[in-house]
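Trainee: Sharing a sequence plus its predicted fold:
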Amino acid sequence: MSVPDQTDSTSQAPKPSGKKGFNLQGFTQSRVAKRVLGGLIGLGIIMFALSWYWSREPAPFNVVEEAARAANVQNPKELPLGYTYSTTLIKIAQTLLHKPGGFLTNDVFPPSVLLDNIPNWELGALIALRDATTALRNNIARSQTQSQEDPDLSKGEPHLYFDNRSWQLPSSESEYEKGIESLEGYRDRLRRRDANFYARADNLRQYLEVLEKRLGDYSNRLSSSTAERMPEGSADRHSEMGRTAWLKLDDRFFEARGYTWAAMLVLKAIEFDFRDILGNKTALVSLQQIVRELENSQKSYLSPVILNGSGFGLFANYSLTLANYIARANAATIDLRSLLQQG
């Protein structure tokens with residue numbers, strides 16, 4: 001007698017319960033994706049914060065107090081002649097290298113490589129530092145044109161002219177540090193009365209002549225923010241000074257801000273170290289006028305971007321405002337140089 005074939009209920013496929021099963025792989029991938037997204041957002045916030053912090057322009061410093069602190073004296077009148085001037089150059093160079101973010105012009109990694117405002121500011125300040133150092137080496141530290149130049153200055157000045165975009169060996173920072181060391185050596189020798197600083201009218205005129213040309217150039221370039229475009233093939237000798245390209249507006253603005261920042265500090269040091277010759281020629285008022293205009297050029301601005309409105313339009317034109325202060329400083333520089341030239 002045969003037994004009927006029966007199918008074991010346990011061998012049949014289970015019926016769906018109506019509930020989804022737990023997908024471990026999908027859950028893991030979802031958590032990884034959220035972590036990656038969160039990390040990217042956090043990294044973006046950090047980079048934005050660093051960019052904002054590093055893009056802040058350094059504040060001016062009191063040149064006389066800085067020199068007195070470096071010399072460890074209470075009365076600034078005890079400072080050797082030229083100590084304030086050389087200390088100001090050293091402090092400007094140190095500010096370029098050790099401000100928040102350090103020297104950013106030659107950086108090749110984000111967020112520094114994405115910034116352009118503060119690197120242009122650094123370029124302007126570096127140009128002013130080079131001008132003042134060259135004046136010290138070629139004129140102020142020499143009694144006459146045929147006299148021997150100072151060994152520390154002749155060694156250190158070329159380091160400050162090194163390429164400001166070099167990040168490989170040698171880097172810009174390492175070369176500028178060597179320039180600072182040479183300036184410090186010169187300053188120490190001033191303290192020991194083993195170096196020269198001739199605070200004469202002719203030496204000051206030589207520096208003012210360079211300053212006058214720099215300020216005139218910056219004022220002209222900033223004024224080009226509203227210049228009319230010259231026609232193609234124009235034979236006008238000023239045709240190259242057409243309207244500034246939109247992407248170059250902030251570059252020129254911040255380079256001029258950097259130059260005027262450093263030049264203002266150098267002039268304050270000159271006011272202290274050249275005080276006798278300035279008083280004798282009643283030129284102190286003109287020098288103070290230059291400094292006052294350059295101080296005005298350092299006023300803070302409210303817009304997060306550099307505005308380029310028309311002359312009488314709805315929006316301001318920051319470039320024209322800065323050009324106005326620089327032009328006034330340039331006019332005062334011409335007056336001062338004329339006063340010093342008078343017998």
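Mentor: Thanks, I have the structure now.
Trainee: alpha carbons only for contacts and neighbour counts from here, please
Mentor: Fine.
Trainee: ok, now which ones touch the residue nearest to the spatial centre of the chain?
Mentor: Compute the mean C-alpha point of the chain, and by C-alpha atoms, centre = their mean the closest residue is residue 122, 2.4 Å away. With contact set as C-alpha atoms under 8 Å, 6 or more residues apart in numbering, residue 122 has these partners: 96, 103, 105, 255, 258.
Trainee: Do you know the pLDDT at it?
Mentor: Residue 122 is assigned 97 on the pLDDT scale.
Trainee: For it, identify the helix or strand it belongs to.
Mentor: Using DSSP states H and E, residue 122 maps to helix 117-135.
Trainee: coming back round to it: just to be sure, which of the contacts of residue 122 are found in helices?
Mentor: If you go by DSSP state H, the contacts of residue 122 have 96, 255, 258 in helices.
Trainee: Select from these the one having the most neighbours.
Mentor: Using other C-alpha atoms under 10 Å as the neighbour criterion, residue 258 leads those with 25 neighbours.
Trainee: how about the helix holding residue 122 as PDB, C-alpha atoms only?
Mentor: Provided in PDB are the C-alpha atoms of helix 117-135 (Å, rounded to 0.1, in the frame of the first residue of the first chain):
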ATOM      1  CA  ASN A 117      43.600  90.600  -2.100                       C
ATOM      2  CA  ILE A 118      46.200  90.100   0.600                       C
ATOM      3  CA  PRO A 119      48.900  88.900  -1.800                       C
ATOM      4  CA  ASN A 120      48.500  92.200  -3.700                       C
ATOM      5  CA  TRP A 121      48.700  94.100  -0.400                       C
ATOM      6  CA  GLU A 122      51.900  92.200   0.400                       C
ATOM      7  CA  LEU A 123      53.300  93.200  -3.000                       C
ATOM      8  CA  GLY A 124      52.600  96.900  -2.300                       C
ATOM      9  CA  ALA A 125      54.200  96.800   1.100                       C
ATOM     10  CA  LEU A 126      57.200  94.900  -0.200                       C
ATOM     11  CA  ILE A 127      57.800  97.600  -2.900                       C
ATOM     12  CA  ALA A 128      57.700 100.300  -0.200                       C
ATOM     13  CA  LEU A 129      60.100  98.300   1.900                       C
ATOM     14  CA  ARG A 130      62.500  97.900  -1.000                       C
ATOM     15  CA  ASP A 131      62.300 101.600  -1.800                       C
ATOM     16  CA  ALA A 132      63.200 102.600   1.700                       C
ATOM     17  CA  THR A 133      65.900 100.000   2.100                       C
ATOM     18  CA  THR A 134      67.500 101.100  -1.200                       C
ATOM     19  CA  ALA A 135      67.500 104.700  -0.100                       C
END
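Trainee: before we move on, back to that, and which of the contacts of residue 122 is nearest residue 147?
Mentor: residue 96 (32.2 Å; C-alpha to C-alpha).
Trainee: residues in contact with the residue nearest to residue 47 when sequence neighbours are not counted?
Mentor: Leaving out its chain neighbours, the residue that sits closest to residue 47 by C-alpha to C-alpha, 6 or more residues apart in numbering is residue 111, at 5.9 Å. Neighbour list for residue 111: 47, 48, 50, 51 [criterion: C-alpha under 8 Å, 6+ apart].
Trainee: now residue 278
Mentor: 271, 284.
Trainee: tell me the contacts of residue 330?
Mentor: 212, 215, 216, 290.
Trainee: For those, pick the one with the most neighbours.
Mentor: residue 290 (26 neighbours).
Trainee: host element of it?
Mentor: helix 284-296.
Trainee: right, and the helix or strand after the top helix by length along the chain?
Mentor: Looking across the chain with DSSP H, the single longest helix is helix 24-54. The element immediately downstream of helix 24-54 (helix or strand, assigned by DSSP H and E) is helix 63-71.
Trainee: Low-confidence ranges, the protein, go.
Mentor: 1-29, 227-242, 246, 311, 343 (pLDDT under 70).
Trainee: if I look at the residue nearest to the centre of the chain, how far off is residue 312?
Mentor: Per C-alpha to C-alpha, to the nearest Å, residue 122 is found 31 Å from residue 312.
Trainee: And residue 41, by the same measure?
Mentor: 42 Å.
Trainee: Looking at these two now, which is surrounded by more residues?
Mentor: Taking neighbours as other C-alpha under 10 Å, residue 41 and residue 312 compare with residue 41 leading, 12 against 8.
Trainee: Do I have it right that residue 182 meets residue 158?
Mentor: No: using C-alpha atoms under 8 Å, residue 182 is not in contact with residue 158; the gap is 10.5 Å.
Trainee: Wait, residue 113 touches residue 101, no?
Mentor: No: assessed by C-alpha under 8 Å, residue 113 is found out of contact with residue 101, at 11.7 Å.
Trainee: show me what contacts residue 90?
Mentor: So residue 90 contacts 180, 183, 184 (C-alpha under 8 Å, 6+ apart).
Trainee: I'd like these laid out as TSV, including distance to residue 195.
Mentor: Output for the contacts of residue 90, formatted as TSV (distance: C-alpha to C-alpha, whole Å):
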residue	distance to residue 195
180	17
183	12
184	12
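Trainee: between residue 182 and residue 158, which one's more packed in?
Mentor: Between residue 182 and residue 158, counted using other C-alpha under 10 Å, the more crowded position is residue 182 (21 against 16).
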